[in-house]
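Visitor: following is a predicted model, sequence given first.
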Amino acid sequence: MPRPHIEFVQSQYLPFVGGALGGARSALAAKVLSRDSESGATSSVLRVPPGWRGEGAIATDEEFLVLEGDVTINGQTLGPFGYAHVPKGASTTLSSTHGAIAVWFLDAVPSATPVGPFDPARRVVLDAMSVPYTGNFHPEFPGGAGRKWLFRDPAGGEETWLLGTMALRNAARPEVHPVVEEMFLLAGEVHGDRGIMRPGAYFWRPPGLAHGPFGTRTGNLYLFRTIGGPLATSYIDS
């Protein structure tokens, strides 16, 4: 398996490593949460120094959510909960005035590349605070949760979203998905069979892996992504 199953790691225990991402992002220190040994794809917590600037196009899709500080993309400044998805080959100027901490996803090594054609629908820049919550997204999903859609890829169907759940919510059954499920916990606690996930927790689950059930005393806020298509869920009686 190019990227191992991780269930789960607290990112606080990982060090920031300079140059860990290479290419056009080599000046940024990163806590690498997971890495694909074949493609070079990474999921990281990235530290952007004050005054940093990066320009040009890179040969991979790039996606990030700001946790602290500021990141400006093509003149639009994003603060905490600012989100961007940039298609490979898109000419982009990134910078930070005061520095930032962000969850950062790259689908390959971020080497520089000439500007190329891309679907504008795959370029998204938004403030997640302004995205409305939606509910009733699965008929069997336990109540007490809402989803903020950040990105739904018109090409491959991959999805990125925030999931907020209420306190004292509990699921009764394990579940399984046909695609990769990836998560970074932004707030609250998640109780499960591997222990208690707290803010900064991260997991990478390959397709077809049964997991859960999970619950929360505090409520929580997750950042989720899929790879390989849109999320679909089957529940297991157990």
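Guide: That came through, no problem.

Visitor: in this protein, where is pLDDT below threshold?
Guide: Counting by pLDDT under 70, the chain contains low-confidence residues at 1, 136-137.

Visitor: can you do 50?
Guide: For the chain, no stretch is flagged by pLDDT under 50.

Visitor: ranges for the helices of it?
Guide: For the chain, applying DSSP state H gives no helices.

Visitor: what does stretch 214-227 rub up against?
Guide: By C-beta atoms under 8 Å, 6 or more residues apart in numbering, the surrounding residues in contact with stretch 214-227 are 63, 65, 103, 105, 158-171, 177, 179-192, 231. Any C-beta I mention is one placed from the backbone N, CA and C, and that applies to glycine too.

Visitor: quick check: buried residues in it?
Guide: 214-216, 219-227 (16 or more other C-beta atoms under 10 Å).

Visitor: next: stretch 43-50.
Guide: Quick answer for stretch 43-50 (16+ other C-beta under 10 Å): 43-48.

Visitor: restricting to C-alpha, output that stretch in PDB.
Guide: C-alpha atoms of stretch 43-50 as PDB (Å, rounded to 0.1, in the frame of the first residue of the first chain):
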ATOM      1  CA  SER A  43      -0.900  15.500   4.000                       C
ATOM      2  CA  SER A  44       0.800  17.900   6.400                       C
ATOM      3  CA  VAL A  45       0.500  20.600   9.000                       C
ATOM      4  CA  LEU A  46       2.500  23.400   7.400                       C
ATOM      5  CA  ARG A  47       4.200  26.400   9.100                       C
ATOM      6  CA  VAL A  48       4.300  29.400   6.900                       C
ATOM      7  CA  PRO A  49       6.800  32.100   8.000                       C
ATOM      8  CA  PRO A  50       6.000  35.800   8.100                       C
END
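
Visitor: residues in contact with that stretch: which ones?
Guide: Contacts of stretch 43-50 (C-beta under 8 Å, 6+ apart): 11, 14, 16, 20-21, 25, 27-35, 64, 67, 69, 71, 96-106, 182, 184, 200, 202, 204.

Visitor: redo that, cut-off 7 Å
Guide: With contacts defined as C-beta atoms under 7 Å, 6 or more residues apart in numbering, stretch 43-50 is touched by 11, 16, 21, 28-34, 69, 71, 96-105, 182.

Visitor: now do stretch 190-201: distance to the chain's middle.
Guide: 17 Å (C-alpha atoms, centre = their mean, to the nearest Å).

Visitor: sorry, back to before: any chance of the buried residues of stretch 43-50 in a markdown table, with distance to H138 too?
Guide: Compiled in a markdown table, the buried residues of stretch 43-50 are given as follows (distance: C-beta to C-beta, whole Å):
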| residue | distance to H138 |
| --- | --- |
| S43 | 24 |
| S44 | 29 |
| V45 | 29 |
| L46 | 32 |
| R47 | 36 |
| V48 | 36 |
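
Visitor: between those residues, which is closest to Y83?
Guide: Nearest to Y83 among the buried residues of stretch 43-50: L46, at 13.9 Å, using C-beta to C-beta.

Visitor: for the closest one, give the beta-bridge partners.
Guide: The bridge-partner assignment for L46, based on DSSP bridges, gives A30, A102.

Visitor: that one and P120: what is the separation?
Guide: 25 Å (C-beta to C-beta, to the nearest Å).

Visitor: hang on, the earlier thing: in ChimeraX, select just the buried ones from the contacts of stretch 214-227.
Guide: Of the contacts of stretch 214-227, the buried ones can be selected in ChimeraX as follows, counting by 16+ other C-beta under 10 Å:
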select :63,65,103,105,158,159,160,161,162,163,164,165,169,171,177,179,180,181,182,183,184,185,186,188,189,190,192,231
